[in-house]
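A.B. asks: What follows is a predicted structure for the sequence shown.
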Amino acid sequence: DGGITQSPKYLFRKEGQNVTLSCEQNLNHDAMYWYRQDPGQGLRLIYYSQIVNDFQKGDIAEGYSVSREKKESFPLTVTSAQKNPTAFYLCASSMGNRGSGANVLTFGAGSRLTVL
Amino acid sequence: LAKTTQPISMDSYEGQEVNITCSHNNIATNDYITWYQQFPSQGPRFIIQGYKTKVTNEVASLFIPADRKSSTLSLPRVSLSDTAVYYCLVGDFLSSNTGKLIFGQGTTLQVKP
């Protein structure tokens, strides 16, 4: 079945460490996204990418970095510059700039990051 | 980008019809309206999408008035398993901000027995 795989599901990090969250999709989607969700809150956009080797900052990009070397993969690195990284991270993909499907997002199961 | 406003929370009882309204006063011509459902510790799941008038699928209906400044998600005969957060998303795939899909705060629906 096609879908999005995020790993790890749970991750613990010490302060000052960088961590990378994996996101892989086999839906042949052009666009991929990273969102952050804090308890009881909505989703906030970190980064998005519409094509390979190109990505754009969302509303809360500071302290995060991404790469898009392959269509299927969009890893997110949470750097030590992110002051409050404990959150639930969601990766999503969509058909991209192709009609109504551009707004239909398929989400992964999420990765929960806790800073110790 | 169109900003959306939804009620923070709603309560209902099993078997009732639930209507959740989303306001998007500055919706653009090319914007589609999409609704998602999210359970705790899971990613949101697509429910329904529309552009104008009414759209119906096997789980919900979406009503969009002629001016498109609001939309209403209708869930018929809800059950306890419909307890979740519902998000309205309005996006324009042709604008300079294509791809920057922003979620609002969502509506927490609590279905009671």
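C.D. replies: On my side now, so go ahead.
A.B. asks: Can you tell me which residues in chain A are near chain B?
C.D. replies: A:4, A:31, A:33, A:35, A:41-45, A:48-50, A:56, A:58-59, A:88, A:90, A:92, A:94, A:96-100, A:102-110, A:112 (Cβ under 8 Å from any Cβ of the partner chain). Heads up, the C-betas are built off the backbone N, CA and C, glycines and all.
A.B. asks: among these, which ones are buried?
C.D. replies: Buried subset of the residues of chain A next to chain B (neighbour count, 16 or more other Cβ atoms under 10 Å in any protein chain shown): A:4, A:31, A:33, A:35, A:42-45, A:48-50, A:58, A:88, A:90, A:92, A:94, A:96, A:102-108, A:110.
A.B. asks: so which residue of chain A comes closest to chain B?
C.D. replies: Residue nearest to chain B within chain A (Cβ to the nearest Cβ): A:Phe107, separated by 2.8 Å.
A.B. asks: Please give me every residue in contact with the most centrally placed residue in chain A.
C.D. replies: For chain A, A:Trp34 is the residue whose C-alpha lies nearest the centre (Cα atoms, centre = their mean; 2.6 Å). Neighbour list for A:Trp34: A:23, A:45-48, A:58, A:64, A:66, A:74, A:76, A:89-92 [criterion: Cβ atoms under 8 Å, 6 or more residues apart in numbering or on different chains].
A.B. asks: which stretches of the chain form strands?
C.D. replies: Looking at chain A here, since you left the chain open. A:4-7, A:10-13, A:19-25, A:31-37, A:43-51, A:54-57, A:64-66, A:76-78, A:87-94, A:106-107, A:111-115 (DSSP state E).
A.B. asks: let's do chain B instead
C.D. replies: B:9-13, B:18-23, B:31-38, B:45-50, B:53-56, B:61-64, B:70-75, B:84-92, B:107-112.
A.B. asks: Let me have those in CSV, adding mean neighbour count as columns.
C.D. replies: What follows is those, written out as CSV (neighbours: other Cβ atoms under 10 Å in any protein chain shown):
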stretch, mean neighbour count
strand B:9-13, 14
strand B:18-23, 18
strand B:31-38, 23
strand B:45-50, 18
strand B:53-56, 13
strand B:61-64, 19
strand B:70-75, 20
strand B:84-92, 24
strand B:107-112, 17
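A.B. asks: if you average pLDDT over each of the ones you listed, which comes out lowest?
C.D. replies: Mean pLDDT per stretch puts strand B:84-92 lowest among these, at a mean of 88.
A.B. asks: Packing partners of that one?
C.D. replies: Helices and strands touching strand B:84-92, by 3 or more Cβ pairs under 8 Å, 6 or more residues apart in numbering or on different chains; DSSP states H and E, are strand B:18-23, strand B:31-38, strand B:70-75, strand B:107-112.
A.B. asks: mind putting those strands in TSV, distance to chain A included?
C.D. replies: Output for these, formatted as TSV (distance: least, Cβ to the nearest Cβ, whole Å):
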stretch	distance to chain A
strand B:18-23	13
strand B:31-38	5
strand B:70-75	13
strand B:107-112	9
